[in-house]
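>>> Sequence and predicted structure below; questions after.
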Amino acid sequence: MTSPLQPSLAWRIFRHVVLMSGAVVFLLPFVWMVSTSLKPADEIFTEGLRLLPERWAAIENYRRALTDVPLLRYLWNGVLVCAAILVLQIVVALPAAYCFAKLKFAGKRLSWTLVMLSLMIPFQATAIPLYIMLYHAGLLDTLAALVIPFIASAFGIFLLRQFIAGVPDDLIHAARLDGMREFELVWRVIMPAAKPALIAFSIFSVVWHWNDYFWPLLVINTMDLATPPLGTMFFKNEEAGTDFGPLMAGTVIITLPLLVFFLIAQKRFIEGVTLSGVKG
Amino acid sequence: MADIHLQDIRKGYGATQVLDGLSLTIRDGEFLTLLGASGCGKSTLLKLLAGLELPDTGSIRRGDDDLLRQSPAERDCAMVFQSYALYPHMTVRDNVCTPLYMRMLGFWQRLPGARWLDPRVRRQLREAHAQGLAVARTLGIDHLWLRRPAQLSGGQRQRVALARAMVRRPSVFLFDEPLSNLDANLRQALRAEIRQLHDQLGRTFVYVTHDQHEAMSMSDRVAVMKQGRILQLGTPTEIYEAPAHRDVAAFVGSPRMNFLTLAAGQAGPALQDQPVGHIVPREAAQLGFRPHAARLAPEPGALRVAGRVVQAEFTGAERMVTLQPEGGEPVVLVLPAHGAPARGEDLVVYVPAHACHGFDARGWRVPAVPAAQPRAA
Amino acid sequence: MADIHLQDIRKGYGATQVLDGLSLTIRDGEFLTLLGASGCGKSTLLKLLAGLELPDTGSIRRGDDDLLRQSPAERDCAMVFQSYALYPHMTVRDNVCTPLYMRMLGFWQRLPGARWLDPRVRRQLREAHAQGLAVARTLGIDHLWLRRPAQLSGGQRQRVALARAMVRRPSVFLFDEPLSNLDANLRQALRAEIRQLHDQLGRTFVYVTHDQHEAMSMSDRVAVMKQGRILQLGTPTEIYEAPAHRDVAAFVGSPRMNFLTLAAGQAGPALQDQPVGHIVPREAAQLGFRPHAARLAPEPGALRVAGRVVQAEFTGAERMVTLQPEGGEPVVLVLPAHGAPARGEDLVVYVPAHACHGFDARGWRVPAVPAAQPRAA
Amino acid sequence: AQIELVVDYPYPDLFNPVHEEIARKFTEKFPDYTVKFRAPTNEYEAAAQQALRHAVTGQLADVSYQGLNRQRLFVDRGIAVDLAPFIAAEKDWDKQGYSESLMSLGQVNGKQVGIGFSLSTPIVYYNLDLIEKAGGNAEALPTTWDDIIALAERSRQANPGTNGLHYDWEITGNWLWQAMVFSKGGAMLDAEERKVAFDGAEGRESIQQMGRMVENGTMQNLSYSDAAQLFVSGKLAVLSTSTSRLAAIQKQIGDRFRLGTGLFPIYAEDGRVPAGGNVAMMFAKDPERQKAAWEYIKFATGPEGATIMTKATGYFPANTLPIDDPQGLKGFYEANPNQYTAVRQIPWLTGWYAFPGENGLKITDVIHNHLQTVFDKSVQPQQALEAMTRDVQALLK
Amino acid sequence: MRIKPLEVALLLGPSMVLTLVLLVLPLAMVVLISFTDWQFGASTWNWIGLENYAGLWHDEVFRQSFVNTVEYLLLVSLASIAIGLGAALLIESHTSLRAFYRTAFFLPVASTLIAMAVVWQFLLHPSAGLFNQLLTALGFEPVNWLRDYDTALISLAVIGIWQMSGLAMVMFLAGLKNIPAELRHASLLDGMRHPLDRLLRVTLPMLAPTMLFVVTVCAIRALQVFDTVHVLTQGGPNYATEVLLHTIYTEGFGFFRMGYAAALTVVFVACIFVLTLLQQSGASRAKEL
Ligand SMILES: Nc1ncnc2c1ncn2[C@@H]1O[C@H](COP(=O)(O)OP(=O)(O)OP(=O)(O)O)[C@@H](O)[C@H]1O
Ligand SMILES: Nc1ncnc2c1ncn2[C@@H]1O[C@H](COP(=O)(O)OP(=O)(O)OP(=O)(O)O)[C@@H](O)[C@H]1O
Ligand SMILES: [Mg+2]
Ligand SMILES: [Mg+2]
């Protein structure tokens, strides 16, 4: 039986038409990307548009992407760096977001302005002084240098604060009476309640730092510590001509983990958080 | 522990003054019920006691301690929230046992994963669950042990909230209408359960309810609030039998007390032919009597009320009758179901003098003449 | 409109079977109250009626219409949710008036900004606010008109939820414990208000409550539920005076009915010296009588219960006495406050035969012998 | 003494195997010295930025490969080490294959700061299939821009749906603007580097020449990547760009059509073409390390390094010894005549001019923007040149 | 509610200290540099006071890039929010193909722009590109997307929108998930038959906090556009796509004029700071209402 709670058939068709055309447009560049990654160099710029190559060079391209540079190693570096960044960001941002959302304290306005400021200031603006600071700390050319500048995520604080503000006060009151200190309250009550926001934040954090190119380029001198985009950039060469096949193959390879990550994360969205333990 | 003294508490939200100079002493170990119309500030008072809100002015002391300097955790209260405030992401078990975890496990032991590292933690957890389950069983929610709040009915949620408070042994229990969504049987059972908990632990209980039956049968003392103030504080009997204010009288007892306006010593139409001076003092502006107090049999010295029955409602064992005295305001009476008059009949009832209360123009009780003195102290 | 027929409804969430083959006919225009223990499926039933959930099997029809094919909006129900479900971002005014906006304004007129373009919209809005305010006034929340739900007390929120349902004129009203967080006076006033609304509109009302007083005094018919089924459907008097099942008898009436086990026609210790055959039929496995039915004065043909008073509780106008017959289960009695025995005294009470109920081994009512037939139809 | 030389270089995709091979052979020859490579940067701009960053934090490499036109930066900031004393100390330097014109590529303000490593020049690529349809001849490719433009235009007419010409004027550092002016014997600035010199006759002719390219739509307003895409897909007849792109272009064409390369037209007696590519520079300050670094530079730019480099990339070497050496590159160029075109231009080679002062790079940008107006036909060439002169002069101060 | 200052410090401290060290300190260095004529890589510099700022005042490029940035910001943030919101609402209105759509709209966020730029170059190719082939097939003139003064910025904006809509969508999805189902039920019973009614009266108002957030974040990210410009147009043709961050980058890393770049940065940050204060007071006023 079709539930009357569900949208009407007309609406469902409309939905698919709109979303499908949107999806096609949004995926178009990716189609070309994958298609290119399958082609040999001399088939990339042929007349007319052809999705599949005449002569398959997929193996060749992917092999080169994986072996000309130690891409797997870079992927691993990327995982390490992104995981470290994400964990530290959450550890730092969630309590702060909670403070801003639910507590009153002296200097709140000032510190909030600071957060907003750091949210708005582009990373590039402070890159050079940061570079010099990291040099003096002796951290250049280490994975730590890839992590440290991003720990204090204003974006995270801002995002989480917005969601935590919607958590009913009574819930926090209950936790306090149950004997939780603020610190524990944040992790036991606020974190689960802000789960959709945390997931959204994780998605962005991972995606951005995974794809970050300029900062690793700046601080990494040893190839062994490079992150995935540095690996694919190996094939991009303005001076002598870009190797499109392996470049696209590399891009596909470094995008895949993100895709998997997103697929897992978006499943969590479905569950959501129903704040149904609180009446009103 | 010692008594809790609230002194001249004021609390407002923006323009609304919620508590308006409230003073109250809660004796150590007593069972105090707060009664009052919806919106009069009961929940706010509980939150102040728990330390979840701070008053704008005034002091809250317990013995020598200034409670206002203490955080909620230090004050050691358990509370059942009117809105339940269950953790939506936790199972019933964790909702109920969280206070136990907090008490029984050290900081490190509470960290995630500690359970896998330390067998003592596992033991403690088992112990906590057993304790929680025992409470859940008395509340009839043990079969829901692993559900989440979203999967519970309203009454079940309320009982989880209750269980969460009851597993603890804090120095003060605060209950905000903990039984409002439960059926009569359950409510009665839980009332007994709560009272028993009180007697067992000897801790201070502050209880908010709208059910007077509950207030009357459970409490050591009752505080009746109105618009952010305490109108009367006394034992249930005092409150019922010697209401200090017209509003208390009107609020306590169901159906509500009947009031007859006495125009400057002269009674309303229904009382025209009787002297009321011997029933309530001259200063009284109003005379009140409870619907249950009316008798069909004439009684000497009693107030006589005559009129026509305009409504007769069946309420189980009794019948609620609305009597319209000629030219006066209607009066509600509760009479035994058997032999009560039908609608349209004429009826005369008698209210014994000791069941009549006088109130002055500002609503305060006028001490009765000695003969009509109520029995309560 | 026509009657609503629910046929063999089953509804489960995962492993839990919530409604278990429930069938029920709700007559057009009647005031039906659902009574039942917490968690028995009342709210679920309301949601099915409103179309917010679909049953797993079974049919819901209204006259010739299959309600299951209709969306909630088409079914035209108003509902007071147990958890209120107020719009947190709207003022009380908009919470209350939203249904009116929906009805009174055309599609284009509802778009934001229409108010500035079309003076008729302004007029309509004023009209809607006036209507809403009138309802709010009867519920005593007009002074909160521009607050948001977060700024209200529990009872105030509940009244907003009630007002939102009451401003509408839908074909079915669904109330899920709409008065649970209100004080007695307010509750009584609103009860009358709701009943009056029903009488005025002649629409179907389905009402969930835990307050039997409410159920008894407001409803045309009462349905008593247990574990997802209807145990009995009848007028309040039928339910109270001729409970079809032991559980109904136990559930309705407060304090709860007393049950005495009759071992194969032989009565328990308290009844040893009396023949009960003339009171309940031989097939009865249990005999029940209500606490209110006991009389102090001997009565011919009545059941005699003797024992020692182990508890005597003051409850306003009456005294609740627990009597411990020698060797039997304790029995609860409600006696007039004046002249009731004190704790420790010996007491004999008499229960008229017409107030005794017999139940068979599976709990179903055993039709009484003619002499003991209750008066209710 | 044992020394570990730190070396950085750009374009890992091209040079990874080259430098590793060179380092290996170098260590074989000088067992005391080992080489450690920094993570390569993927373009000259990044390479320069990295070196400057390292200058700030004192982590400079000992030997650094930098784009030809970036040398000036390192001279201005006092980072680059003058190589003249080392050269002077060499016994028979003139026999080692470093010709005058090649050495001049590494000179800034008369100081020898770099030795050419891998070089490129602008050349002209022809789609022989297309131009032959238009009456062109692979054996007799045009030698003046007007002929080239005419040929491209004819090809465009003869092959509907194709484009005529693309002149890759956008290569950084105004490379092809310089090439156009230099090929006519002009200069960017006067000898004192105080005044603009490209506003003379050569400059005027150059800008007019560019104007003529786009005048009739022979050349469209495309970016290099757009044009290259057209070229390799067979829809562009003539493309003038760096020889360094030859390998990639050949690969992308496959056997779709025949590719020919021709000389960049040189007009005047003293006409020149600027070289591109990179030079090896020494940043080491410690004398011991400098000694090692010098050995390394010599090795990498000498015959052995040059052979390795040339065979693996599309560049030509800055050392003439291996070119005619059968052991070296002789066979290689015979097999790859298109590669040889650039080598044929060696006699005309000149440095890639970098503008002086703190605004030097800004000037490059300003020139680029004025050229843009010529190629998108928004401004008349002459006016563009005047505006360009004015703006550049202002920046020179 | 009394929270001990120590506890607040414990919760807030790490982020504030880190922000100070990682943001305020470098920013202070930038301010100092802006008063010098420091060239990147040079070992010496001179104090030149406000000279850099004076130069800025007369800088046409700066003005142009300011205008471009604002234009880009409006185009991209408005369109992304609209598309993101629309997509989120449509996707969540039914269950079929939900995961696919979510992923499709999200993928651009996850793309490595430097590599993706190559793809865009291809798609936007003046003659062989897909868009122009479509245009020609439909009988229109092809457009030189990235090199035409009129379309260059818009083309970049389209790419920006392509990249940012997914961001907005994910945020809105998270926001939608926080709306209790009961409110939807209540709205149905209140007679909101038309989806538009539910949208305008329940969903959107409940999304308001998310909206505030998304607007801020999209605006900020649009303001900070850099990658696409750097890779695809380098600010060209003739500054038609020059945006502030790219100007800063070119001055600093292209021309190595660090002092001047620092001054640009300081002005940029100052503008942002004013915006922040405005946004702040706007938000707090919205809360009071
Ligand atoms: N989502 C769910 N998943 C599992 N079980 C559920 C879910 N929702 C409700 N239930 C169960 O269904 C039963 C009936 O719930 P319902 O809310 O209808 O009870 P009720 O009669 O309204 O009770 P109350 O008087 O306590 O409100 C309860 O036992 C509850 O635990
Ligand atoms: N945040 C707030 N802003 C403004 N007024 C508020 C706020 N919170 C509560 N109030 C008001 O304060 C008064 C007291 O609220 P409180 O919750 O203490 O009432 P209560 O006695 O518990 O009522 P109830 O029996 O209905 O739960 C109410 O009139 C309420 O409207
Ligand atoms: Mg309350
Ligand atoms: Mg319910």
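Received the coordinates, thanks. This structure is a prediction, so every number in the text was calculated from the model and none was measured. Ligands and ions are numbered 1, 2, ... in the order given.

>>> Which strand or helix spans D:Asn221?
Assessed by DSSP states H and E, D:Asn221 sits outside every helix and strand.

>>> Go ahead and flag the most central residue of chain A.
A:Val207 (2.2 Å; CA atoms, centre = their mean).

>>> near ligand 1 at all, whichever strand or helix holds B:Gly132?
Taking DSSP H and E as the criterion, B:Gly132 maps to helix B:119-138. No. Using CB under 6 Å from any ligand atom, helix B:119-138 never reaches ligand 1; the gap is at least 13.4 Å. Where you see a C-beta, it was placed from the backbone N, CA and C, and this is true even at glycine.

>>> pLDDT on stretch D:143-158, on average?
Taken as a whole, stretch D:143-158 has a mean pLDDT of 87.

>>> May I see the buried residues of that stretch?
Across stretch D:143-158, burial judged by 16 or more other CB atoms under 10 Å in any protein chain shown covers D:145, D:148-156, D:158.

>>> thinking again about what came up before, and the next helix or strand after the helix holding B:Gly132, is it in reach of chain C?
Per DSSP H and E, the first helix or strand lying C-terminal to helix B:119-138 is helix B:154-166. Yes. Residues of helix B:154-166 contacting chain C under CB under 8 Å from any CB of the partner chain: B:154-156, B:159.

>>> What would the helix holding B:Gly132 look like as CSV? C-alpha coordinates only.
What follows is helix B:119-138, C-alpha atoms only, in CSV (Å, rounded to 0.1, in the frame of the first residue of the first chain):
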residue,chain,number,x,y,z
PRO,B,119,37.8,-5.7,34.6
ARG,B,120,36.8,-3.7,37.7
VAL,B,121,34.9,-1.3,35.4
ARG,B,122,32.9,-4.2,34.0
ARG,B,123,32.1,-5.4,37.5
GLN,B,124,31.0,-1.9,38.4
LEU,B,125,28.9,-1.6,35.3
ARG,B,126,27.2,-4.8,36.0
GLU,B,127,26.5,-3.6,39.5
ALA,B,128,25.1,-0.3,38.3
HIS,B,129,22.9,-2.1,35.8
ALA,B,130,21.6,-4.4,38.5
GLN,B,131,20.7,-1.4,40.7
GLY,B,132,19.1,0.4,37.8
LEU,B,133,17.1,-2.6,36.8
ALA,B,134,15.8,-3.0,40.3
VAL,B,135,14.4,0.5,40.2
ALA,B,136,13.1,0.0,36.7
ARG,B,137,11.3,-3.1,37.8
THR,B,138,9.4,-1.3,40.5
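
>>> what ranges of the stretch 1-150 of chain B fall below the confidence cut-off?
Across the stretch 1-150 of chain B, nothing is flagged by pLDDT under 70.

>>> hmm, try it at 80
B:1, B:112-113 (pLDDT under 80).

>>> Over to the stretch 201-350 of chain D?
Residues of the stretch 201-350 of chain D that meet the cut-off, pLDDT under 80, sit at D:268, D:314, D:322-328, D:330.

>>> Neighbours of the residue of the stretch 251-377 of chain B at minimum distance from ligand 3, how many?
The stretch 251-377 of chain B approaches ligand 3 most closely through B:Phe251 (15.5 Å), counting by CB to the ion. The tally of other residues near B:Phe251 (other CB atoms under 10 Å in any protein chain shown) stands at 27.

>>> wait, what's in contact with it?
Shown in contact with B:Phe251 (CB atoms under 8 Å, 6 or more residues apart in numbering or on different chains): B:35-37, B:224, B:226, C:183-185.

>>> Of those residues, which is the most crowded?
B:Leu35 (30 neighbours).

>>> What separation do you get for that one and A:Leu247?
Separation of B:Leu35 from A:Leu247 (CB to CB, to the nearest Å): 77 Å.

>>> Map the structural domains onto the sequence of the chain.
Since no chain was named, I'll use chain A. Chain A breaks down into these domains under automatic domain parsing: A:9-60, A:64-278.

>>> Chain B is the one I meant
B:4-241, B:256-366.

>>> Relative to chain D, which of those domains is closest?
Nearest of the domains of chain B to chain D, taken as CB to the nearest CB: domain B:4-241 at 37.7 Å.

>>> touching ligand 3 at all, the closest one?
Yes. Domain B:4-241 is in contact with ligand 3 by CB under 5 Å from the ion, via B:43, B:82.

>>> does that domain come close to chain A?
Yes. Domain B:4-241 reaches chain A (CB under 8 Å from any CB) through B:47, B:50-52, B:71-73, B:77-79, B:81-90, B:95, B:98-99, B:102-103, B:110, B:149-150, B:154, B:157, B:164.

>>> Show me just the buried residues among those residues.
B:47, B:50-52, B:72-73, B:77-79, B:81-90, B:95, B:98-99, B:102, B:110, B:149-150, B:154, B:157, B:164.

>>> Now do the contacts for residue 218.
Since you didn't name a chain, this refers to chain A. Contacts of A:Leu218 by CB under 8 Å, 6+ apart are A:127, A:131, D:53.

>>> nope, chain E
Contacts of E:Cys218 by CB under 8 Å, 6+ apart are E:76-77, E:80-81, E:164, E:167-168.

>>> One more: B:Pro99?
A:177-179, B:78, B:164, B:167-168.

>>> Now do D:Asp129: how many residues are near it, please.
17.

>>> quick one: the one helix or strand it maps to to chain centroid distance?
In this structure, D:Asp129 sits in helix D:128-133 according to DSSP H and E. In terms of CA atoms, centre = their mean, to the nearest Å, the centre of helix D:128-133 is found 28 Å from the chain centre.

>>> One more: stretch A:251-260?
Counting by CA atoms, centre = their mean, stretch A:251-260 comes out at 12 Å from the chain centroid.

>>> Would you mind writing the CA trace of it as PDB?
Provided in PDB are the C-alpha atoms of stretch A:251-260 (Å, rounded to 0.1, in the frame of the first residue of the first chain):
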ATOM      1  CA  THR A 251      42.600  12.000  -9.300                       C
ATOM      2  CA  VAL A 252      40.100   9.200  -9.500                       C
ATOM      3  CA  ILE A 253      42.200   7.200  -7.100                       C
ATOM      4  CA  ILE A 254      42.500  10.000  -4.500                       C
ATOM      5  CA  THR A 255      38.800  10.900  -4.900                       C
ATOM      6  CA  LEU A 256      37.700   7.300  -4.200                       C
ATOM      7  CA  PRO A 257      38.500   7.200  -0.500                       C
ATOM      8  CA  LEU A 258      36.500  10.400  -0.100                       C
ATOM      9  CA  LEU A 259      33.600   8.900  -1.900                       C
ATOM     10  CA  VAL A 260      33.600   5.900   0.300                       C
END
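
>>> Do it and chain D come into contact?
No. For a cut-off given as CB under 8 Å from any CB, stretch A:251-260 has no contacts with chain D; the smallest distance is 14.7 Å.

>>> and B:Tyr207, bridged to which residues?
B:Thr33, B:Phe175 (DSSP bridges).

>>> give the contact list for it.
Contacts of B:Tyr207 (CB under 8 Å, 6+ apart): B:31-34, B:173, B:175, B:178, B:194, B:214-215, B:218-219.

>>> Just give me the neighbour total for residue 140.
Reading this off chain A. A:Leu140, neighbours per other CB under 10 Å, totals 21.

>>> could you do chain E instead?
10.

>>> Tell me the span between the first and last residue of stretch D:88-104.
16 Å (CA to CA, to the nearest Å).

>>> In this structure B:Arg159 contacts B:Thr138, no?
No. B:Arg159 lies out of contact with B:Thr138 (CB atoms under 8 Å); the separation is 9.7 Å.

>>> picking that back up, the contacts of B:Pro99 in helices, which ones?
A:177, B:164 (DSSP state H).

>>> Report the two of the contacts of B:Pro99 separated the most.
A:Leu177 and B:Val167 (12.4 Å; CB to CB).

>>> Pick out whichever of the two has more residues nearby.
A:Leu177 (28 against 22).

>>> can you tell me if the longest helix seen in chain A touches chain E.
When chain A is parsed with DSSP H, its longest helix is helix A:71-102. Yes. Residues of helix A:71-102 contacting chain E under CB under 8 Å from any CB: A:91-93, A:95-96, A:98-99.
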